[in-house]
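>>> No sequence on hand, only this structure:
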Ligand SMILES: Cc1cc2nc3c(=O)[nH]c(=O)nc-3n(C[C@H](O)[C@H](O)[C@H](O)COP(=O)(O)OP(=O)(O)OC[C@H]3O[C@@H](n4cnc5c(N)ncnc54)[C@H](O)[C@@H]3O)c2cc1C
Ligand code: SF4
Ligand code: SF4
């Protein structure tokens, strides 16, 4: 299975989850090859989702490291931080860097992630304290500005906007959140779920202006499209992220909204792979190709790329959108696609909705009680035929009880047990 | 690697494994005293319905989706055992979203918990196995 690889040189652009997945996979197969990591940010690899927890004071810079301090040394990685790749010459197999240097490669991984989108609103340049919220530096800068009673306007009520709101609310700041959508977390929740979360956040003092857009900014004010005026001290823009595709696009690779890759994480250019938030991939719960900006997917794509780069055939073909997010003590877990018939349980604060059709579970939303959610996730990921289990039971209670005795024996190891005891 | 296996045929639904599990992580000497008036949160859980019962705990998967999915790096694999660093865990529940067995559960203090084969407990070997009165749960090496 393992192909002997002579001393290859691997170059990875980006220093985050997808890059780590690749490094760990490469080192499983190839202990000798050189690995060079190029990262724009100046930090040891950190967990991006933790920036809101840092702002909240629930973690610190040391604990938010995604891997231990000896990660690069143990994996023999040469790291060039604070350095940005500016051009890929796919013909000569060279990556050009912003400091004038360059790196040649045998195998290249592009794991450049995404960047926050800045909406072109008139007057934005007049706002003094404006921030996006996707990097450790963002969190540090914002932390400097937000104190008790600071008035914060957050544009965007998606995952990043609300995680930012949660963090800031712990600092007793006044928060108004504006979104063009009429619902919060509209990409991962249905109407009823959005309503539950909105009420929960409102009861914690966060205010919302939904279905609204800022039409103009001035120094310390915003004017919405219904002519409501909002005064603020600090502005956070969290309207979405865009995959960083330009390096590969300019090099001639196929791109759409994200970089196009196959199930081996190969781009359309030989010896160049891509993984993580910069890519588009196939969502098996819907059959559509899309950008799934999630850390677990980024890691697993990175791993897949790393395996193939180091000569082991490997496919990652079970991607689905999925999310676990906690907001001021309320937990949400969701996955898959919201289409088909539904099973619903709701008591106004706990909420469960399953979506199914054609004998398959397509998606689910859980709010409040999220125990054993992964059992639902696996039904979606494995495309398990629902008539192979007690669907009525598993709707009520995710558990192994709903599976057949044989499946259970396989999963828990009873088969061998029986042989031993018989 | 040695793992915990269960055979549901022999399970009595006595839940003793859950008590031994909860006790193992207290570090106390006397079980009755340690668990008196305590709502236990075992890492092994008995599922029970209509005469069928069996205990479920972490399978220590060869392809651990929880570890790959963990957003902080709190879950790691140490000599095959999937361990949790509760100091690093932020309680985001991504691992609960990922684990196909429902083997990770929330706790009161934010961080999640899961079976670590009692590696960190004073006993050092799985106490659910020790506590099972019917030999339903075993800890052994099986060819894979
Ligand atoms: C506030 C927030 C909360 C989140 N919460 C969650 C969550 O709860 N669960 C979840 O699953 N996901 C969450 N995410 C998403 C998650 O962080 C991403 O899916 C994940 O980080 C993607 O990893 P990646 O390696 O693809 O890219 P990224 O983490 O985006 O990293 C890409 C890196 O590449 C660098 N780079 C880019 N271009 C270049 C270049 N030309 N040269 C050198 N370096 C370059 C960038 O500086 C960056 O460091 C959250 C994101 C944010 C911002
Ligand atoms: S917690 Fe779940 S996914 Fe992780 S190793 Fe255990 S059984 Fe596998
Ligand atoms: S709850 Fe803890 S262990 Fe689980 S994914 Fe989140 S940080 Fe990792």
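Here it is on my side, so go on. Remember, it's a predicted structure, so these values are computed and weren't measured experimentally. Numbering: from 1, shown residues only, chains lettered A, B, ... in the order given. Ligands and ions are numbered 1, 2, ... in the order given.

>>> Is any residue of the longest helix seen in chain A near chain B?
Criterion DSSP state H: the longest helix present in chain A is helix A:295-309. Yes - residues of helix A:295-309 contacting chain B under C-beta under 8 Å from any C-beta of the partner chain: A:295, A:296, A:299, A:300, A:303. In this view, the C-beta of every residue, glycine as well, is placed from N, C-alpha and C.

>>> what are the bridge partners for residue A:324, then?
Assessed by DSSP bridges, residue A:324 has beta-bridge partners residue A:333.

>>> how many neighbours does it have?
27 (other C-beta atoms under 10 Å in any protein chain shown).

>>> quick one: it from residue B:98, how far?
8 Å (C-beta to C-beta, to the nearest Å).

>>> now swap in residue A:339 and tell me
In terms of C-beta to C-beta, residue A:339 sits 22 Å off from residue B:98.

>>> The two: which has the busier surroundings?
In this view residue A:339 and residue B:98 are compared by other C-beta under 10 Å, and residue B:98 has more residues nearby, 26 against 13.

>>> How about the contacts made by the more buried one?
Contacts for residue B:98 (C-beta atoms under 8 Å, 6 or more residues apart in numbering or on different chains) come out as A:296, A:322, A:374, A:377, B:65, B:66, B:68, B:69.

>>> now residue B:54
With C-beta under 8 Å, 6+ apart, residue B:54 has these contacts: A:400, A:408, A:412, A:414, B:6, B:8, B:11, B:46, B:47.

>>> Among the residues of helix A:295-309 next to chain B, which one sits closest to ligand 2?
Ligand 2 lies nearest to residue A:296 out of the residues of helix A:295-309 next to chain B, by C-beta to the nearest ligand atom, at 11.5 Å.

>>> Hmm, the closest one is touching residue B:95, no?
No - shown here, residue A:296 and residue B:95 do not form a contact pair, counting by C-beta atoms under 8 Å, at 9.5 Å.

>>> Is the helix or strand containing residue B:67 in proximity to ligand 2?
Using DSSP states H and E, the element containing residue B:67 is helix B:65-69. Yes - using C-beta under 6 Å from any ligand atom, helix B:65-69 reaches ligand 2 at B:65, B:66.

>>> Which residues are in contact with the closest residue to residue A:172 other than its chain neighbours?
Excluding its sequence neighbours, the residue lying closest to residue A:172 (C-beta to C-beta, 6 or more residues apart in numbering or on different chains) is residue A:148, at 4.6 Å. Applying C-beta under 8 Å, 6+ apart, we find residue A:148 in contact with A:171, A:172, A:173.

>>> What score does the residue positioned nearest the centre of chain A have for pLDDT?
Nearest to the mean C-alpha position of chain A, by C-alpha atoms, centre = their mean, lies residue A:294 at 2.0 Å. Predicted confidence (pLDDT) at residue A:294: the value is 95.

>>> show me the residues around it that make contact.
Residue A:294 neighbours (C-beta under 8 Å, 6+ apart): A:321, A:322, A:323.

>>> do you know how far it is from ligand 1?
4 Å (C-beta to the nearest ligand atom, to the nearest Å).

>>> That residue and residue A:323, how far apart?
7 Å.

>>> Check residue A:389 too.
Counting by C-beta to C-beta - residue A:389 and residue A:323 are separated by 24 Å.

>>> So for the two, which sits in the more crowded spot?
Each of residue A:389 and residue A:323 has its neighbours counted (other C-beta under 10 Å); residue A:323 has more, 21 against 17.

>>> From ligand 1, how far out is the more buried one?
For residue A:323 relative to ligand 1 (C-beta to the nearest ligand atom), the value is 6 Å.

>>> so that residue makes contact with residue A:363?
No - at 11.1 Å, residue A:323 does not count as touching residue A:363 under the criterion of C-beta under 8 Å.

>>> Let me see the ranges of the helices in the stretch 301-422 of chain A.
A:373-381, A:391-396, A:405-412, A:414-421 (DSSP state H, counting those that start in this stretch).

>>> cool, and chain B?
B:16-24, B:31-35, B:65-69, B:94-98, B:127-131.

>>> is the third one up against ligand 1 anywhere?
No - Helix B:65-69 lies out of reach of ligand 1 by C-beta under 6 Å from any ligand atom, never closer than 7.7 Å.

>>> how far is that helix from where the chain is centred?
17 Å (C-alpha atoms, centre = their mean, to the nearest Å).

>>> And what about the closest residue to residue A:143 other than its chain neighbours, helix, strand or coil?
Nearest residue to residue A:143, sequence neighbours excluded (C-beta to C-beta, 6+ apart): residue A:55, at 5.4 Å. Per DSSP: H, G, I helix; E, B strand; the rest coil, the secondary structure class of residue A:55 is helix.

>>> my guess is residue A:55 contacts residue A:164, does it?
Yes - applying C-beta under 8 Å, one finds residue A:55 in contact with residue A:164, separated by 7.5 Å.

>>> shared neighbours, the two?
Jointly contacting residue A:55 and residue A:164 under the rule C-beta under 8 Å, 6+ apart are residue A:142.

>>> show me the contacts for the residue of chain A found nearest ligand 2.
Ranking the residues of chain A by distance to ligand 2 (C-beta to the nearest ligand atom) places residue A:374 first, at 7.0 Å. With contact taken as C-beta under 8 Å, 6+ apart, residue A:374 is in contact with B:65, B:95, B:96, B:97, B:98, B:99, B:100, B:101, B:102, B:104.

>>> Now the nearest residue to it once chain neighbours are set aside. Its backbone dihedrals?
Counting by C-beta to C-beta, 6+ apart, residue A:374 lies nearest to residue B:99, which is 4.0 Å off, once chain neighbours are set aside. Per-residue torsions, residue B:99: phi -70, psi 120 (degrees, to the nearest 10).

>>> which residues do residue A:323 and residue A:363 both contact?
A:334, A:335.

>>> While we're on residue A:39, how confident is the model there?
pLDDT, residue A:39: 98.

>>> Now do it: how many residues are near it, please.
For residue A:39, using other C-beta under 10 Å, the count is 23.

>>> same thing with residue B:61?
Quick note: residue B:61 (other C-beta under 10 Å) scores 17 neighbours.

>>> Equivalent analysis for residue A:408, please.
Neighbour tally, residue A:408, other C-beta under 10 Å: 21.

>>> next one: residue A:409
Neighbour number of residue A:409 under other C-beta under 10 Å is 21.

>>> now it: how far from residue A:90?
Taking C-beta to C-beta, one finds residue A:409 at 51 Å from residue A:90.

>>> that older thread, if you rank the contacts of residue A:148 by neighbours, which is first?
In these, the most neighbours by other C-beta under 10 Å go to residue A:173, 21 neighbours.

>>> contacting residues for residue A:290?
A:257, A:280, A:281, A:283, A:321.

>>> hmm, try it at 7 Å
A:280, A:283 (C-beta atoms under 7 Å, 6 or more residues apart in numbering or on different chains).

>>> now the one 10 residues further on
Residues counted as contacts of residue A:300 (C-beta under 7 Å, 6+ apart) are A:21, A:316, B:68.

>>> Looks like the last one contacts residue A:296 (just checking).
Read it as residue B:68. Yes - look at residue B:68 against residue A:296 with C-beta atoms under 7 Å: they come within range, at 6.3 Å.
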